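*Asks:* just a sequence and a predicted model for now, questions to come.
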Amino acid sequence: MSEADLLPDAVRKMIDTPIYEERTEFPIEIGYVYNTCAAVENGNPLFWDEALAHAVVGKRIAPPTMLSVWFRPHYWAPGASGERKAMQAHFDLKELLGLPEAVVASNEASFGEPVAMGDVLTTCQIVHSIGPIKTTRLGTGRFWTVDVRTTNQNGDWVGTESYTFFGYGRPEQ
Amino acid sequence: MSTTCTPQLLFGALKVGDCLPELRHTVTATTVVLGALASRDWRPMHHDKDFAVNRNGTPDIFINTPNNAAWFERYITDWTGPFGRLGRLSFQMKTPVYPGNEMRFGAEIKALATDDLGCHWADLELNISVDGQPRTVGKARVAIPGDTSDNPWARKGARWQP
(Lines give C-alpha, C1' and ligand atoms only; values in the text may rest on other atoms or scores of the structure.)
Protein backbone atom coordinates (compact mmCIF):
# COMPACT_ATOMS: atom_id res chain seq x y z
CA MET A 1 0.00 0.00 0.00
CA SER A 2 1.39 3.38 -0.97
CA GLU A 3 1.37 6.41 1.35
CA ALA A 4 -1.38 7.90 -0.77
CA ASP A 5 -3.57 4.90 0.04
CA LEU A 6 -3.41 5.58 3.80
CA LEU A 7 -6.68 6.81 5.27
CA PRO A 8 -7.01 9.83 7.55
CA ASP A 9 -7.67 8.94 11.22
CA ALA A 10 -11.14 10.48 11.09
CA VAL A 11 -12.02 8.17 8.22
CA ARG A 12 -10.55 5.03 9.80
CA LYS A 13 -12.58 5.67 12.96
CA MET A 14 -15.80 5.64 10.92
CA ILE A 15 -15.30 2.07 9.70
CA ASP A 16 -17.68 -0.50 11.28
CA THR A 17 -19.14 2.09 13.68
CA PRO A 18 -22.94 2.62 13.51
CA ILE A 19 -23.55 6.34 13.01
CA TYR A 20 -26.38 8.71 12.12
CA GLU A 21 -29.20 6.76 13.75
CA GLU A 22 -32.35 8.52 12.65
CA ARG A 23 -36.10 8.09 12.39
CA THR A 24 -38.26 8.77 9.37
CA GLU A 25 -39.44 12.39 9.29
CA PHE A 26 -43.06 11.30 8.74
CA PRO A 27 -45.03 8.05 9.07
CA ILE A 28 -45.01 5.91 5.93
CA GLU A 29 -47.79 7.05 3.61
CA ILE A 30 -49.48 5.90 0.43
CA GLY A 31 -48.90 9.06 -1.64
CA TYR A 32 -45.23 8.29 -2.11
CA VAL A 33 -46.10 4.69 -2.96
CA TYR A 34 -48.36 5.89 -5.77
CA ASN A 35 -45.63 8.26 -7.04
CA THR A 36 -43.08 5.45 -7.13
CA CYS A 37 -45.41 2.97 -8.82
CA ALA A 38 -46.49 5.59 -11.37
CA ALA A 39 -42.87 6.48 -12.19
CA VAL A 40 -42.15 2.91 -13.28
CA GLU A 41 -45.68 1.98 -14.39
CA ASN A 42 -45.90 -0.68 -11.68
CA GLY A 43 -49.45 -2.00 -11.74
CA ASN A 44 -48.97 -4.56 -8.94
CA PRO A 45 -52.43 -4.55 -7.28
CA LEU A 46 -50.76 -5.01 -3.91
CA PHE A 47 -50.06 -1.28 -3.99
CA TRP A 48 -53.23 -0.03 -5.68
CA ASP A 49 -55.99 -2.31 -4.37
CA GLU A 50 -56.55 -1.85 -0.64
CA ALA A 51 -58.82 -4.88 -0.27
CA LEU A 52 -56.35 -7.14 -2.04
CA ALA A 53 -53.45 -5.83 0.06
CA HIS A 54 -55.36 -6.67 3.24
CA ALA A 55 -56.29 -10.10 1.89
CA VAL A 56 -52.73 -10.97 0.85
CA VAL A 57 -50.53 -9.20 3.41
CA GLY A 58 -52.96 -8.16 6.11
CA LYS A 59 -52.13 -4.48 5.66
CA ARG A 60 -51.28 -1.88 3.02
CA ILE A 61 -47.58 -1.94 2.30
CA ALA A 62 -44.95 -0.13 0.26
CA PRO A 63 -42.82 -1.74 -2.45
CA PRO A 64 -39.78 -3.25 -0.70
CA THR A 65 -37.38 -1.36 -2.97
CA MET A 66 -38.68 1.93 -1.53
CA LEU A 67 -36.68 1.33 1.64
CA SER A 68 -34.24 4.18 1.06
CA VAL A 69 -36.97 6.57 -0.05
CA TRP A 70 -38.24 7.03 3.50
CA PHE A 71 -34.94 8.38 4.80
CA ARG A 72 -34.24 11.06 2.25
CA PRO A 73 -34.86 14.43 3.88
CA HIS A 74 -37.03 17.08 2.29
CA TYR A 75 -34.91 19.33 0.08
CA TRP A 76 -35.74 22.20 2.42
CA ALA A 77 -37.29 22.46 5.85
CA PRO A 78 -37.93 25.41 8.20
CA GLY A 79 -34.83 26.21 10.20
CA ALA A 80 -32.55 24.07 8.06
CA SER A 81 -29.57 25.70 6.40
CA GLY A 82 -28.08 24.54 3.13
CA GLU A 83 -29.01 21.52 1.09
CA ARG A 84 -30.13 18.58 3.23
CA LYS A 85 -28.64 15.25 2.17
CA ALA A 86 -29.41 11.60 2.77
CA MET A 87 -26.62 9.10 3.46
CA GLN A 88 -24.57 11.63 5.41
CA ALA A 89 -21.79 9.09 6.05
CA HIS A 90 -21.16 9.02 2.30
CA PHE A 91 -20.95 12.81 2.07
CA ASP A 92 -18.66 12.86 5.12
CA LEU A 93 -16.31 10.49 3.29
CA LYS A 94 -16.33 12.66 0.17
CA GLU A 95 -15.29 15.66 2.23
CA LEU A 96 -12.76 13.89 4.44
CA LEU A 97 -11.13 12.19 1.47
CA GLY A 98 -11.19 15.29 -0.73
CA LEU A 99 -13.18 13.59 -3.49
CA PRO A 100 -15.76 16.05 -4.79
CA GLU A 101 -17.72 13.76 -7.13
CA ALA A 102 -19.30 10.38 -6.56
CA VAL A 103 -21.51 7.83 -8.26
CA VAL A 104 -23.23 4.70 -6.95
CA ALA A 105 -21.34 1.71 -8.35
CA SER A 106 -23.55 -1.05 -6.95
CA ASN A 107 -26.48 -1.57 -4.67
CA GLU A 108 -27.50 -4.65 -2.69
CA ALA A 109 -30.58 -5.01 -0.51
CA SER A 110 -32.31 -7.65 1.54
CA PHE A 111 -35.89 -7.18 2.66
CA GLY A 112 -37.55 -8.28 5.89
CA GLU A 113 -40.89 -7.38 7.48
CA PRO A 114 -42.88 -5.36 4.92
CA VAL A 115 -43.06 -1.60 5.44
CA ALA A 116 -46.69 -0.71 6.16
CA MET A 117 -48.62 2.54 6.03
CA GLY A 118 -48.20 4.40 9.34
CA ASP A 119 -44.92 2.71 10.22
CA VAL A 120 -42.14 4.79 11.76
CA LEU A 121 -38.74 3.47 10.73
CA THR A 122 -35.31 3.85 12.29
CA THR A 123 -32.05 3.51 10.43
CA CYS A 124 -28.33 3.68 11.05
CA GLN A 125 -25.39 3.92 8.66
CA ILE A 126 -22.26 1.80 8.89
CA VAL A 127 -19.19 2.44 6.74
CA HIS A 128 -18.31 -1.11 5.85
CA SER A 129 -15.12 -0.72 3.79
CA ILE A 130 -12.97 1.81 1.93
CA GLY A 131 -10.76 0.67 -0.93
CA PRO A 132 -7.37 1.84 -2.19
CA ILE A 133 -6.95 4.63 -4.70
CA LYS A 134 -8.06 3.65 -8.20
CA THR A 135 -8.37 5.37 -11.53
CA THR A 136 -11.43 4.73 -13.68
CA ARG A 137 -12.72 6.46 -16.80
CA LEU A 138 -14.52 8.94 -14.51
CA GLY A 139 -11.41 9.99 -12.60
CA THR A 140 -9.17 9.00 -9.69
CA GLY A 141 -10.67 8.14 -6.33
CA ARG A 142 -11.79 5.31 -4.07
CA PHE A 143 -14.63 2.84 -3.77
CA TRP A 144 -16.41 2.64 -0.42
CA THR A 145 -19.38 0.69 0.91
CA VAL A 146 -21.98 1.99 3.35
CA ASP A 147 -24.60 -0.31 4.91
CA VAL A 148 -27.97 1.06 5.99
CA ARG A 149 -29.94 -1.14 8.40
CA THR A 150 -33.58 -0.36 9.02
CA THR A 151 -36.05 -1.45 11.69
CA ASN A 152 -39.68 -0.52 12.36
CA GLN A 153 -41.39 0.83 15.47
CA ASN A 154 -41.71 -2.72 16.83
CA GLY A 155 -38.01 -3.42 16.46
CA ASP A 156 -38.60 -5.74 13.51
CA TRP A 157 -35.89 -5.81 10.88
CA VAL A 158 -37.35 -4.45 7.65
CA GLY A 159 -34.26 -4.41 5.49
CA THR A 160 -30.61 -3.68 4.91
CA GLU A 161 -29.21 -1.81 1.94
CA SER A 162 -25.57 -1.80 1.03
CA TYR A 163 -24.30 0.91 -1.32
CA THR A 164 -20.89 0.87 -2.99
CA PHE A 165 -19.86 4.32 -4.17
CA PHE A 166 -16.98 5.54 -6.29
CA GLY A 167 -15.85 8.92 -5.00
CA TYR A 168 -13.51 10.69 -7.38
CA GLY A 169 -11.96 13.85 -8.68
CA ARG A 170 -12.13 14.56 -12.39
CA PRO A 171 -8.75 15.03 -14.09
CA GLU A 172 -9.16 18.81 -14.21
CA GLN A 173 -10.21 19.07 -10.54
CA MET B 1 -60.15 -2.28 -8.62
CA SER B 2 -60.68 -5.96 -8.08
CA THR B 3 -58.07 -8.66 -8.50
CA THR B 4 -58.17 -12.35 -7.80
CA CYS B 5 -56.62 -13.42 -4.50
CA THR B 6 -55.29 -16.70 -5.86
CA PRO B 7 -51.61 -17.05 -6.83
CA GLN B 8 -51.23 -17.43 -10.59
CA LEU B 9 -47.52 -18.29 -10.80
CA LEU B 10 -46.56 -21.39 -8.80
CA PHE B 11 -43.09 -22.68 -7.94
CA GLY B 12 -43.68 -26.13 -9.42
CA ALA B 13 -44.20 -24.67 -12.88
CA LEU B 14 -40.73 -23.08 -12.98
CA LYS B 15 -37.53 -24.52 -14.47
CA VAL B 16 -33.94 -23.39 -14.24
CA GLY B 17 -33.12 -21.65 -17.51
CA ASP B 18 -36.62 -20.23 -17.97
CA CYS B 19 -36.58 -16.62 -19.11
CA LEU B 20 -38.96 -13.92 -17.97
CA PRO B 21 -40.96 -12.09 -20.66
CA GLU B 22 -38.99 -9.16 -22.06
CA LEU B 23 -40.03 -5.64 -21.09
CA ARG B 24 -39.15 -2.60 -23.18
CA HIS B 25 -39.43 1.02 -22.14
CA THR B 26 -38.13 4.11 -23.91
CA VAL B 27 -36.66 6.57 -21.43
CA THR B 28 -37.37 10.29 -21.66
CA ALA B 29 -36.16 13.14 -19.48
CA THR B 30 -39.55 12.88 -17.78
CA THR B 31 -38.89 9.21 -16.98
CA VAL B 32 -35.63 10.17 -15.24
CA VAL B 33 -37.07 13.13 -13.34
CA LEU B 34 -40.26 11.27 -12.32
CA GLY B 35 -38.16 8.44 -10.92
CA ALA B 36 -35.75 10.72 -9.10
CA LEU B 37 -38.45 12.82 -7.47
CA ALA B 38 -40.62 9.81 -6.60
CA SER B 39 -37.62 8.38 -4.77
CA ARG B 40 -36.99 11.76 -3.10
CA ASP B 41 -33.56 11.98 -4.74
CA TRP B 42 -32.94 15.68 -5.27
CA ARG B 43 -29.35 15.34 -6.54
CA PRO B 44 -29.02 17.53 -9.64
CA MET B 45 -27.49 14.94 -11.96
CA HIS B 46 -30.95 13.37 -12.11
CA HIS B 47 -32.80 16.52 -13.21
CA ASP B 48 -30.25 19.17 -14.32
CA LYS B 49 -28.54 18.37 -17.62
CA ASP B 50 -25.96 21.16 -17.24
CA PHE B 51 -24.89 19.74 -13.89
CA ALA B 52 -24.76 16.18 -15.23
CA VAL B 53 -22.63 17.21 -18.21
CA ASN B 54 -20.32 19.72 -16.55
CA ARG B 55 -19.90 18.18 -13.09
CA ASN B 56 -20.44 14.47 -13.59
CA GLY B 57 -19.01 14.31 -17.07
CA THR B 58 -21.98 12.34 -18.37
CA PRO B 59 -23.75 13.15 -21.64
CA ASP B 60 -27.13 13.77 -19.97
CA ILE B 61 -29.16 13.28 -16.78
CA PHE B 62 -29.49 9.62 -15.89
CA ILE B 63 -31.73 7.19 -13.98
CA ASN B 64 -30.92 7.11 -10.27
CA THR B 65 -30.24 4.04 -8.16
CA PRO B 66 -33.53 3.71 -6.21
CA ASN B 67 -35.51 4.19 -9.39
CA ASN B 68 -33.43 1.50 -11.08
CA ALA B 69 -34.40 -0.78 -8.17
CA ALA B 70 -38.06 0.18 -8.60
CA TRP B 71 -37.88 -0.72 -12.31
CA PHE B 72 -36.43 -4.13 -11.46
CA GLU B 73 -39.09 -4.74 -8.81
CA ARG B 74 -41.83 -3.83 -11.28
CA TYR B 75 -40.30 -6.16 -13.89
CA ILE B 76 -40.12 -9.08 -11.44
CA THR B 77 -43.60 -8.67 -10.00
CA ASP B 78 -45.13 -8.20 -13.45
CA TRP B 79 -44.07 -11.85 -13.80
CA THR B 80 -44.87 -13.21 -10.33
CA GLY B 81 -48.06 -11.31 -9.62
CA PRO B 82 -48.83 -9.93 -6.16
CA PHE B 83 -47.97 -13.15 -4.30
CA GLY B 84 -44.31 -12.94 -5.36
CA ARG B 85 -42.27 -11.50 -2.49
CA LEU B 86 -38.88 -9.99 -3.14
CA GLY B 87 -36.22 -11.17 -0.68
CA ARG B 88 -33.01 -9.80 -2.16
CA LEU B 89 -31.97 -7.51 -4.96
CA SER B 90 -28.51 -6.44 -6.04
CA PHE B 91 -27.32 -4.68 -9.15
CA GLN B 92 -24.48 -2.81 -10.75
CA MET B 93 -25.07 0.16 -13.01
CA LYS B 94 -22.23 -0.33 -15.48
CA THR B 95 -23.26 2.51 -17.73
CA PRO B 96 -26.01 5.01 -16.91
CA VAL B 97 -29.34 4.98 -18.71
CA TYR B 98 -30.09 8.32 -20.40
CA PRO B 99 -33.09 9.94 -22.07
CA GLY B 100 -33.51 8.52 -25.57
CA ASN B 101 -32.40 5.04 -24.53
CA GLU B 102 -34.79 2.12 -24.94
CA MET B 103 -34.36 -0.09 -21.88
CA ARG B 104 -34.82 -3.81 -22.55
CA PHE B 105 -35.32 -5.85 -19.40
CA GLY B 106 -34.42 -9.52 -19.36
CA ALA B 107 -34.06 -12.17 -16.69
CA GLU B 108 -33.30 -15.87 -16.42
CA ILE B 109 -33.98 -18.31 -13.59
CA LYS B 110 -30.54 -19.45 -12.42
CA ALA B 111 -31.61 -21.56 -9.43
CA LEU B 112 -34.70 -22.88 -7.68
CA ALA B 113 -34.63 -23.90 -4.03
CA THR B 114 -36.85 -24.63 -1.05
CA ASP B 115 -35.36 -23.62 2.29
CA ASP B 116 -35.61 -25.48 5.62
CA LEU B 117 -38.66 -23.39 6.48
CA GLY B 118 -40.53 -24.49 3.36
CA CYS B 119 -40.19 -21.19 1.52
CA HIS B 120 -39.75 -21.58 -2.24
CA TRP B 121 -37.17 -19.35 -3.90
CA ALA B 122 -36.31 -18.43 -7.46
CA ASP B 123 -32.88 -16.88 -8.02
CA LEU B 124 -32.86 -14.62 -11.05
CA GLU B 125 -30.14 -13.05 -13.13
CA LEU B 126 -31.30 -9.64 -14.34
CA ASN B 127 -30.21 -7.20 -16.97
CA ILE B 128 -31.16 -3.94 -18.57
CA SER B 129 -29.64 -3.48 -22.00
CA VAL B 130 -29.69 -0.61 -24.47
CA ASP B 131 -28.98 -1.33 -28.14
CA GLY B 132 -27.79 -4.79 -27.14
CA GLN B 133 -25.25 -3.49 -24.63
CA PRO B 134 -25.73 -4.32 -20.92
CA ARG B 135 -26.19 -1.15 -18.87
CA THR B 136 -27.29 -2.64 -15.55
CA VAL B 137 -26.84 -6.22 -14.41
CA GLY B 138 -28.12 -7.76 -11.22
CA LYS B 139 -29.53 -10.62 -9.23
CA ALA B 140 -32.75 -11.12 -7.32
CA ARG B 141 -34.16 -13.70 -4.95
CA VAL B 142 -37.92 -13.90 -4.96
CA ALA B 143 -40.28 -16.14 -2.98
CA ILE B 144 -42.92 -17.89 -5.09
CA PRO B 145 -45.99 -19.73 -3.72
CA GLY B 146 -45.68 -23.52 -3.70
CA ASP B 147 -49.39 -24.01 -4.24
CA THR B 148 -52.55 -21.96 -4.27
CA SER B 149 -52.78 -22.01 -0.46
CA ASP B 150 -49.18 -20.82 0.03
CA ASN B 151 -48.51 -17.13 0.64
CA PRO B 152 -44.92 -15.90 1.09
CA TRP B 153 -46.26 -12.65 2.60
CA ALA B 154 -47.60 -14.66 5.56
CA ARG B 155 -44.03 -15.44 6.65
CA LYS B 156 -42.80 -13.34 9.55
CA GLY B 157 -39.76 -13.18 11.81
CA ALA B 158 -37.65 -16.33 11.75
CA ARG B 159 -39.90 -17.91 9.09
CA TRP B 160 -38.63 -15.39 6.53
CA GLN B 161 -34.95 -15.88 5.71
CA PRO B 162 -34.12 -14.16 2.43
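*Replies:* Looks like it arrived, so ask away.
*Asks:* all strands for chain A, in order.
*Replies:* For chain A, applying DSSP state E gives strands covering A:19-23, A:101-111, A:122-130, A:134-135, A:140-151, A:157-169.
*Asks:* residues near residue B:36, how many?
*Replies:* 24 (other CB atoms under 10 Å in any protein chain shown). For the C-beta atoms, the positions are set from N, CA and C on the backbone; glycine is no exception.
*Asks:* same deal with residue B:6?
*Replies:* 10.
*Asks:* now do the contacts for residue B:63.
*Replies:* By CB atoms under 8 Å, 6 or more residues apart in numbering or on different chains, the contact list for residue B:63 reads B:27, B:31, B:32, B:35, B:46, B:71, B:96, B:97.
*Asks:* make CSV from those residues and add neighbour count and pLDDT to it.
*Replies:* Formatted as CSV, these follow (neighbours: other CB atoms under 10 Å in any protein chain shown; pLDDT from 0 to 100):
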residue, neighbour count, pLDDT
B:27, 20, 98
B:31, 21, 98
B:32, 26, 98
B:35, 25, 98
B:46, 22, 96
B:71, 28, 98
B:96, 23, 94
B:97, 25, 97
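*Asks:* filter these by proximity to chain A?
*Replies:* B:31, B:35, B:71 (CB under 8 Å from any CB of the partner chain).
*Asks:* now, which of the residues you listed sits nearest residue A:141?
*Replies:* Of all the ones next to chain A among the contacts of residue B:63, residue B:35 has the smallest distance to residue A:141: 25.8 Å, by CB to CB.
*Asks:* phi and psi next, for the residue nearest in space to the middle of chain B.
*Replies:* Computing the C-alpha centroid of chain B and ranking residues by CA atoms, centre = their mean puts residue B:72 first, at 1.3 Å. Here the main-chain torsion angles of residue B:72 (degrees, to the nearest 10) amount to phi -60, psi -40.
*Asks:* that one reaches residue B:89, doesn't it?
*Replies:* Yes: using CB atoms under 8 Å, residue B:72 is in contact with residue B:89, at 6.1 Å.
*Asks:* and for the two, which residues touch both?
*Replies:* In contact with both residue B:72 and residue B:89: A:65, B:138, B:140, using CB under 8 Å, 6+ apart.
*Asks:* just confirm the second one is within a helix.
*Replies:* Right, the one you point to is residue B:138. No: Residue B:138 sits outside any helix when classified using DSSP: H, G, I helix; E, B strand; the rest coil, being strand.
*Asks:* in chain A, which residue is most central in space?
*Replies:* Chain A, centroid-nearest residue using CA atoms, centre = their mean: residue A:68 at 4.7 Å.
*Asks:* which residues does residue B:9 contact?
*Replies:* B:79, B:80, B:81, B:83, B:84, B:144, B:145 are the contacts of residue B:9 under CB under 8 Å, 6+ apart.
*Asks:* quick one: low-confidence ranges for the chain?
*Replies:* Let's take chain A. Residues of chain A meeting the criterion pLDDT under 70: A:1-5, A:83-85, A:172-173.
*Asks:* nope, chain B please
*Replies:* B:1-4.
*Asks:* show me where it has its strands.
*Replies:* Under DSSP E, chain B gives strands at B:23-26, B:85-93, B:102-114, B:120-130, B:133-143.
*Asks:* quick one on the thing from earlier: got the contact list for the residue nearest to the centre of chain A?
*Replies:* So residue A:68 contacts A:86, A:148, A:161, B:39, B:66 (CB under 8 Å, 6+ apart).
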